[in-house]
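Trainee: model this:
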Amino acid sequence: MSEEDPIAANGVVGAGGAGFPAAVKLSGHAGTFIVNAAECEPLMHKDAELIVHRRDELMEGLKTAMDRTGAKEGVIGIKEKHREVIDSLRGCLPPRVRLHPLSDTYPAGDEFLLVRDVTGRIVPPGGLPLHVGAIVSNVETLVNVGTGKPVTAKFLTVAGAVMNPVTLSVPVGTSVADCIKAAGGAAVADYLVLVGGVMMGRPVTGPEEPVVKTTGGLVVLPVDHPLARRHARTAAQAKRIGRSACDQCSFCTELCPRYLLGHPIAPHVAMRALGFAVPEAGMVDGVLYCSECNLCSLFSCPEGLDPRQECVAGKIAAREKGLKWAGDPAALRPHGLFEHRRVPVKRLMTRLGLARFADKGPLIREPLKISRVVIPLKQHAGVPAEALVRVGQQVASGETIGRIPAGKIGGHVHASISGRVTAVNGAVTIEA
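Mentor: Predicted coordinates for the structure are as follows:
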């Protein structure tokens, strides 16, 4: 996109997932624009809080998105359990925008499932919602579009074993340690922090890891919690256990959301391939379209194995073989038990041992004041931004400090606080 495009100039990228540039996504054309407010990761509350407290910016962003994409209809997909949030939206929706209540299941926020729930259409394997006339964007991304300013702040929920679970607005580049401190600190002495959520997240690299534009949330877990132990397991350990323990029950496949949608995915086949030094032909083609939701590993498998890991590894082999789905999109049909096998979040939380943590995250309206930030030059899909500043330079909040080269995909980077640049080394460090 052109640098003059305000959304591109403001560095707006998807606020979750890979951080795809919003200006590029909004250059597509579709009849239905869907706001993904499902927020299905356990203990996360950011989207619901934003809808209530940043409603005007959300609606402005949605209007802009619909205008750009030519969408005739806007749909806010939100879980029906959020009755108060839904009630707050009634009577203030723009023309041609409606609400669509969703079940409280995981992973309701998967955009393929969301598109099917909202439109009844199935995105083909390897395809995009655009292929069935839809575009999907999450709540915070649209808030950033509607704000019309450079992206300098990030909203995230801090949950789990903390004194006060909260949703915060923090400058991009704030450390994980500062976020946990703002939640009253950890409630246990020894803990693991997951960034992004318990299902699709990962352990942080350390307390100084910075919050970026795509950070969805932080979950603090005691080190002896079963989930903490699972996330600490190495790939080699998971493979060794899988080779000896998988009995091919196929529960991982039978409960796979994409399989239930009608996609050619079979995690149990990926587990079977562990027993072969070189996977036999056909043993990897059932993993190419895995969404990596982790339901197979953390909920479905009765033996605590890791089919997700094998699916991710199998994707590489499948691509190397040039495997690609060649079916008829019109023939795709959900499994007959599609609705009945969707996993309720309450059941998932019980299975994961999360029911003991407070399932709340009220927004602290006042942005967190931070005196030092480390802002990575790559926190989005595409190429890294090129630094525009040098050590010792004074910068103001909102100033562009990293720019994507012309013709490349990415997101410009802006100073999130005013201060002096103290380091430029793949990230820009600013001290107030």
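
Trainee: Please, where are all the helices along the stretch 201-350 of the chain?
Mentor: With DSSP state H, counting those that start in this stretch as the criterion, the stretch 201-350 of the chain has helices at 226-232, 235-245, 251-254, 257-260, 267-272, 295, 307-320, 345-352.

Trainee: could I get these as CSV with mean neighbour count and distance to Ile51?
Mentor: Using the backbone N, CA and C atoms, a C-beta is placed for each residue, glycine as well. Formatted as CSV, these follow (neighbours: other Cβ atoms under 10 Å; distance: least, Cβ to Cβ, whole Å):
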stretch, mean neighbour count, distance to Ile51
helix 226-232, 16, 28
helix 235-245, 14, 38
helix 251-254, 22, 34
helix 257-260, 22, 24
helix 267-272, 26, 34
helix 295, 26, 26
helix 307-320, 20, 30
helix 345-352, 17, 18
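
Trainee: Looking at those helices, which is nearest to Val158?
Mentor: helix 226-232 (16.2 Å; Cβ to Cβ).

Trainee: which strand residues sit across from Thr32 in the sheet?
Mentor: Glu73, Ala134 (DSSP bridges).

Trainee: Count the neighbours of it for me.
Mentor: Using other Cβ atoms under 10 Å, Thr32 has 21 neighbouring residues.

Trainee: What helices and strands are in contact with the least confident helix or strand in the chain by mean pLDDT?
Mentor: Lowest on mean pLDDT, DSSP states H and E among the helices and strands of the chain sits helix 307-320, with a mean of 86. For helix 307-320, the packing partners by 3 or more Cβ pairs under 8 Å, 6 or more residues apart in numbering; DSSP states H and E come out as helix 235-245, helix 267-272.

Trainee: re earlier: kindly reformat the helices of the stretch 201-350 of the chain as TSV containing distance to Ala427.
Mentor: Putting the helices of the stretch 201-350 of the chain into TSV (distance: least, Cβ to Cβ, whole Å) gives the following:
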stretch	distance to Ala427
helix 226-232	25
helix 235-245	27
helix 251-254	38
helix 257-260	35
helix 267-272	36
helix 295	34
helix 307-320	27
helix 345-352	33
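
Trainee: Which of those helices sits closest to Arg403?
Mentor: Checking these against Arg403 by Cβ to Cβ gives helix 307-320 as the closest, at 31.8 Å.

Trainee: Take that closest one, keep the C-alpha atoms, and write them as CSV.
Mentor: Listed next in CSV are the C-alpha coordinates belonging to helix 307-320 (Å, rounded to 0.1, in the frame of the first residue of the first chain):
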residue,chain,number,x,y,z
PRO,A,307,-0.5,-34.3,17.9
ARG,A,308,-0.3,-30.5,17.2
GLN,A,309,3.5,-30.6,17.2
GLU,A,310,3.5,-33.4,14.7
CYS,A,311,0.9,-31.6,12.5
VAL,A,312,3.1,-28.5,12.5
ALA,A,313,6.2,-30.6,11.6
GLY,A,314,4.2,-32.5,9.0
LYS,A,315,3.2,-29.3,7.2
ILE,A,316,6.8,-28.8,6.2
ALA,A,317,7.0,-32.3,4.7
ALA,A,318,3.7,-31.8,3.0
ARG,A,319,4.8,-28.6,1.3
GLU,A,320,8.1,-30.2,0.3
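
Trainee: all numbers from here: first residue = 55
Mentor: Taking 55 as the first residue, the last one we looked at is helix 361-374.

Trainee: For the spatially closest residue to Ser304 that is not a sequence neighbour, list the residues it contacts.
Mentor: Nearest non-adjacent residue to Ser304, counting by Cβ to Cβ, 6 or more residues apart in numbering: His322, 4.3 Å away. His322 makes contacts with 300, 302-307, 361, as judged by Cβ atoms under 8 Å, 6 or more residues apart in numbering.

Trainee: quick one, which of the helices and strands packed on helix 361-374 is nearest to Asn192?
Mentor: Nearest of those to Asn192, taken as Cβ to Cβ: helix 321-326 at 26.1 Å.

Trainee: Next secondary structure after that closest one?
Mentor: Beyond helix 321-326 on the C-terminal side, the first helix or strand identified by DSSP states H and E is helix 349.

Trainee: can you list contacts of that next one?
Mentor: 160-161, 253, 309-311, 397.
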